[in-house]
Every structure is written in structure tokens, then in C-alpha cells.
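Trainee: Let me see the structure of the following:
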Amino acid sequence: MRKSIVLSAAVAVVLTIAVVAGALFLLRGGAEDATPTRESAEATGAGGADSSPDSDNETETDTAPRPECPAGPVAGVDLPCLGADDTDDHAADKGITVVNVWAWWCVPCRTELPAMQEVADTHPDWTVVGVHADQNAAAGADLLNDLGVDLPSYQDDSNAFASALELPRVVPITVVLVDGEVKETIAKPFAKATDITDAVEGAIAS
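Mentor: Presented below is the predicted three-dimensional model:
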């Protein structure tokens, strides 16, 4: 009888330890899963400027030189030029303007930006520019330089462009303007220059 009581007590202790250990493991796993990481943001590849990973914690201040931007405003919004102090003589809100809203951490943007460059190269009558929707200007300039993209891009630290135009909280977004007036907002990524061209021509014709 005594042996059975001792055995039962031992089993109870073992089960209690197992339950406590399991609970601690689940609690630890839940806390880790709830913490957003840069890798998870890049894996999804689409999110608003507010969802950029650790933007407020970035300490980089040196921004690589970039091409001059057309003279603003863009769709009525004044923004500084990313990596350039001066602007060229062309007005951004004159004629047909294609604005690509992007961020350095956005995975689809890495494919779309070179395609935008190809559109700019094949349509010199269009003004093709970017708006970097993130506080980390240095990372944005570095990405463009790494991709070999020469498109001028404005720097939007405060999401002013998206707010003024009431854009969805995602990137990338393509905005088609005619003389500063928004003709169409396209909130989806493009992989080919021909698809961008078709979308822009459709917006202009509408």
C-alpha cells in the first residue's frame, strides 16, 4: 500500500512538472511570435509607411548622392529630393507624371523600380519619379544605387504624399497624373515595364 501511495505521488509530481514546463514553453513561444521582425515585413512585401521595420530606430544619416528631382510640388505636395539638394528646371506637375511610391524594405519594389526605370527610358515625354515612403533616407538611396536605378525620388519622412492623396497604406503604389491632377491610383506591384506602360496609357485615356 505504501509503495503504491509513493508511486502515485511521484507520478503526480512528474505530471505537475510537465504541465508547468509546457505552459512556460507555450508562453515563451507566444511572446516571440507576437514580436514583428524585419524579416517578416520583407516576407510580406507590402505595407504602409507606418509598417516599415524599425524606421524610428535607424541611425544612418549619410545619404548617398542621387539625381536631382523635378521642381515640385508633386500632385500639390512639396517634398524634399532624396539624395539631392537642388531640383532641375522641369516641373513635376506639368504634363504626364508617373509617381511610384515605394520603400527600401519592400520586396516587390525591388522588382518594380528597375521596371519603372525602363519606362522612363522608353518614354522621355513622361516624368517618372519616385516617392520614398520611409524615414530612412539613407537606406532608400542605397537601394536605388544598388539596383542601378537613376530615377529621381522624393523623400517622404512623414507619409505626407499618401495622406494628401488618401492613398492605401501599402507599397508599391503607382499614381498617374496629368498636369498635377490624379487620373488613377494603382495599388499593386508591377514586374514588367510593358504592364506599367499599359496601365499608364489606360489611365491617361480614361
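Trainee: Skip the chain neighbours and tell me the closest residue to residue 154.
Mentor: Nearest non-adjacent residue to residue 154, counting by CB to CB, 6 or more residues apart in numbering: residue 79, 3.8 Å away. To be clear about C-beta, it is placed using only N, CA and C from the backbone, and glycine gets the same treatment.
Trainee: a helix runs through that neighbour, doesn't it?
Mentor: No: assessed with DSSP: H, G, I helix; E, B strand; the rest coil, residue 79 is coil; it does not lie in a helix.
Trainee: Identify the residues contacting it.
Mentor: 72, 73, 131, 154, 155, 156, 160, 161 (CB atoms under 8 Å, 6 or more residues apart in numbering).
Trainee: if I pick the first one, what's in contact with it?
Mentor: This points to residue 72. 78, 79, 87, 92, 93, 154.
Trainee: and it, how far is that from residue 62?
Mentor: 24 Å (CB to CB, to the nearest Å).
Trainee: now swap in residue 103 and tell me
Mentor: 19 Å.
Trainee: Of the two, which one has the most company?
Mentor: Comparing residue 103 with residue 62 by other CB atoms under 10 Å, the one with more neighbours is residue 103, at 27 against 8.
Trainee: Grab the nearest non-local neighbour of the more buried one.
Mentor: residue 134 (4.4 Å).
Trainee: count of neighbours near the one you found?
Mentor: 24.
Trainee: ok, now residue 141?
Mentor: Other residues near residue 141 number 23, with proximity taken as other CB under 10 Å.
Trainee: now swap in the one 5 residues further on and tell me
Mentor: Close neighbours of residue 146, defined as other CB under 10 Å, add up to 11.
Trainee: Before we go further, it is sitting in a helix, right?
Mentor: Yes: using three-state DSSP, the secondary structure at residue 146 is a helix.
Trainee: Fine by me, thanks again.
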